[in-house]
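**Student:** next one to model:
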Amino acid sequence: MISKRTVLAGAAIAAVAFTGLAAPAAEAQDGELFIPLLTYRTGPFAGSGIPVANGMHDYLNMLNERDGGVGGVKIKIEECETGYNTQKGVECYESTKNQDPLIYNPWSTGITLQLIPKAAVDKIPVLSMAYGLSAAADGEVFPWVFNPPDTYWDAASAIIKYIAEQEGGDLSNLKGKKIGYIFLDAGYGREPIPLLEQFAKDYGFTLTQYPVPVDQMQNQSSQWLNVRRDRPDYMIMWGWGAMNPTGVKEAAKIRFPMDKFVSVWWPGEDDVRPAGDSAKGFKTLNFHGVGADYPAIQDILTYVVDKGMSQVSDKARVGENLYNRGVLNSFLMAEAIRTAQEMTGKTMIDASDMRVGLENLNITAERLKEAGLDGFMSPLKLTCSDHSGENDLYIQQWDGENWQKVSDWFPPMKEVVRPMLVKAAEEYVASNQPWPERSEPCAQ
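**Tutor:** Sure, this is the predicted structure:
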């Protein structure tokens, strides 16, 4: 079984100290829906945080400019700088929660873990899109937390499944293989370890872990020298911020085969460009499209970027991987607002309505096309019990200039992961007593 030490990430969070004070967000005006954005444009994680923040902000601004908001109601957007620091993130939350926010986007596993118990008390939903506590996918235990379209455990299972495909297509072919795991030594990087350790036992491969302390993200030479010594057949990376480009460069330095180096979905273009041609072949998981050809992103260019309303430094950055990640995050929020408006008959919804909208998200292929995002992601449906969806993913590979899709869309190992998530949720509750039982009705 999975150990409580690693599963119960919410019980032990290592906060990383960075500078920068959390500025209180302005209140929404009457007739506006308030969404505070917890972002980080400063510090060693800014290289990753900036494009995500830009994508989130620009999509919501585009809806305001093009459509007058959602359902005829404009969205008030205000950023609060966290520096990817857990304490600062909580300060942002506390300084804005009395201003009727609809939802919070922590953009940090550490911040998410701190907000999970607060969400149930304050009745404000938390959207940790494809990050945070994997067990929060169990909506019966975490009715106020949502982590679509996939959890970190889904991601780990998908990478292991992909590696097995490269070895002949059967998980039994992993027996005797060595798989290295290099990760940011924080709540984020430790989150998938329980599943990877269980898979190593189940499928007979050796898992070797290479933790990277937050203050050593740009100095990974010792970890990669150990990789060269251990000679794993594959490497998996769980990095963020300055860790990612350093990891790619160090892997290239020891001549690790890039086509056997697979990351979770967080590296962006700026994480591979510094390594030059040596980064060719590097692979990452993804759950959305890359590029600016989608009609909705073209509308962002027309209604926001071309009008000087974006903080994007270079128009060419619109459509890059992490920018589109931010777009997807805001798209999910907008769709939850739309769903809540339809279900309640109200245009001015509140946080409780937003929770219902999230729990009833049903983004079909037809809806994606209507929204100008045809093919951007796989269809998504959440339920009262499933707050993630366990949706299809794909592998992309860096060709030296762009990300290229090198696999079909495929599902994570749902049948294996889901029972483990439910068990982990039960263990979380047992270790965080008193934990409130779900009292929210399942609105359909």
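
**Student:** neighbouring contacts of the one helix or strand Ile182 maps to?
**Tutor:** Per DSSP states H and E, Ile182 falls inside strand 178-184. Contact partners of strand 178-184, identified using C-beta atoms under 8 Å, 6 or more residues apart in numbering, comprise 160, 163, 189-190, 193, 196, 200, 205-212, 214, 217, 220, 223, 227, 230-240, 243, 247. Quick note: C-beta positions are derived from backbone N, CA and C, even for glycine.

**Student:** which of the residues you listed fall in helices?
**Tutor:** Counting by DSSP state H, the part of the contacts of strand 178-184 found in helices is 160, 163, 189-190, 193, 196, 200, 223, 227, 230, 243, 247.

**Student:** buried subset of the contacts of strand 178-184?
**Tutor:** The neighbour-count test (16 or more other C-beta atoms under 10 Å) marks 160, 163, 189-190, 193, 196, 200, 205, 207-208, 210, 212, 214, 217, 220, 223, 227, 232-240, 243, 247 as buried among these.

**Student:** list the buried residues in the strand holding Ile182.
**Tutor:** For strand 178-184, by 16+ other C-beta under 10 Å, it's 179-184.

**Student:** could you pick out the longest helix of the chain?
**Tutor:** helix 321-344.

**Student:** what helices and strands are in contact with it?
**Tutor:** Of the remaining helices and strands, those touching helix 321-344 by 3 or more C-beta pairs under 8 Å, 6 or more residues apart in numbering; DSSP states H and E are helix 46-67, strand 126-127, helix 295-300, helix 351-359, strand 362-363.

**Student:** tell me what angle the helix or strand just after the first one forms with helix 46-67.
**Tutor:** Which is helix 46-67. Sequence-wise, the next helix or strand downstream of helix 46-67 (DSSP H and E) is strand 74-81. For strand 74-81 against helix 46-67, the angle between stretch directions is 170 degrees (axes from the mean of the first three to the mean of the last three C-alpha atoms, to 10 degrees).

**Student:** packing partners for strand 74-81?
**Tutor:** Packing partners of strand 74-81 (3+ C-beta pairs under 8 Å, 6+ apart): strand 32-39, helix 46-67, helix 86-96.

**Student:** report the inter-axis angle for that strand versus helix 86-96.
**Tutor:** Counting by the same axes, to 10 degrees, strand 74-81 lies at 140 degrees to helix 86-96.

**Student:** right, so of the helices and strands packed on strand 74-81, which gets closest to Ile363?
**Tutor:** With C-beta to C-beta as the measure, helix 46-67 is the member of the helices and strands packed on strand 74-81 nearest Ile363 (14.5 Å).

**Student:** packing partners of that closest one?
**Tutor:** Contacts defined by 3+ C-beta pairs under 8 Å, 6+ apart place helix 46-67 against strand 32-39, strand 74-81, helix 295-300, helix 321-344.

**Student:** off-centre distance for the shortest one?
**Tutor:** By that I understand helix 295-300. From the chain centre to the centre of helix 295-300 is a distance of 22 Å (C-alpha atoms, centre = their mean, to the nearest Å).

**Student:** same deal with the second one?
**Tutor:** In terms of C-alpha atoms, centre = their mean, the centre of strand 74-81 is found 19 Å from the chain centre.

**Student:** ditto for the longest one
**Tutor:** Taking the mean of its C-alpha atoms, helix 321-344 sits 14 Å from the chain's own mean (C-alpha atoms, centre = their mean).

**Student:** buried sites along that helix?
**Tutor:** In helix 321-344, counting by 16+ other C-beta under 10 Å, buried: 321-341, 343-344.

**Student:** and the angle from it to strand 74-81?
**Tutor:** Using the same axes, to 10 degrees: helix 321-344 against strand 74-81 is 140 degrees.

**Student:** what residues are up against Lys177?
**Tutor:** 163, 167, 205-206, 233-234.

**Student:** distance of it relative to Trp224?
**Tutor:** Distance, Lys177 to Trp224, by C-beta to C-beta, to the nearest Å: 19 Å.

**Student:** can you check Arg438 too?
**Tutor:** To Trp224, Arg438 is 45 Å away according to C-beta to C-beta.

**Student:** pLDDT weak spots in the stretch 51-200 of the chain?
**Tutor:** Applying pLDDT under 70 to the stretch 51-200 of the chain picks out no residues at all.

**Student:** element containing the one residue sitting closest to the centre of the chain, please.
**Tutor:** Nearest residue to the geometric centre of the chain (C-alpha atoms, centre = their mean): Ala130, 3.3 Å. If you go by DSSP H and E, Ala130 is not part of any helix or strand.

**Student:** hmm, it is touching Ala155, no?
**Tutor:** Yes - if you go by C-beta atoms under 8 Å, Ala130 and Ala155 touch, sitting 7.5 Å apart.

**Student:** now do the shared contacts for these two.
**Tutor:** With C-beta under 8 Å, 6+ apart as the test, Ala130 and Ala155 both reach Trp265.

**Student:** tell me the contacts of Phe256?
**Tutor:** Phe256 sits in contact with 224, 227-228, 235, where contact means C-beta under 8 Å, 6+ apart.

**Student:** any chance of the residues you listed in JSON lines, plus pLDDT and distance to Ala119?
**Tutor:** Output for these, formatted as JSON lines (pLDDT from 0 to 100; distance: C-beta to C-beta, whole Å):
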{"residue": "Trp224", "pLDDT": "98", "distance to Ala119": "39"}
{"residue": "Val227", "pLDDT": "98", "distance to Ala119": "39"}
{"residue": "Arg228", "pLDDT": "97", "distance to Ala119": "44"}
{"residue": "Met235", "pLDDT": "98", "distance to Ala119": "35"}
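
**Student:** quick one: the closest residue to Glu250 other than its chain neighbours and Thr246, what's the gap?
**Tutor:** Closest residue to Glu250 apart from its sequence neighbours, by C-beta to C-beta, 6 or more residues apart in numbering: Trp224 at 4.1 Å. According to C-beta to C-beta, Trp224 and Thr246 sit 9 Å apart.

**Student:** which stretches of the stretch 301-444 of the chain have low pLDDT?
**Tutor:** Looking at the stretch 301-444 of the chain by pLDDT under 70, you get an empty list.
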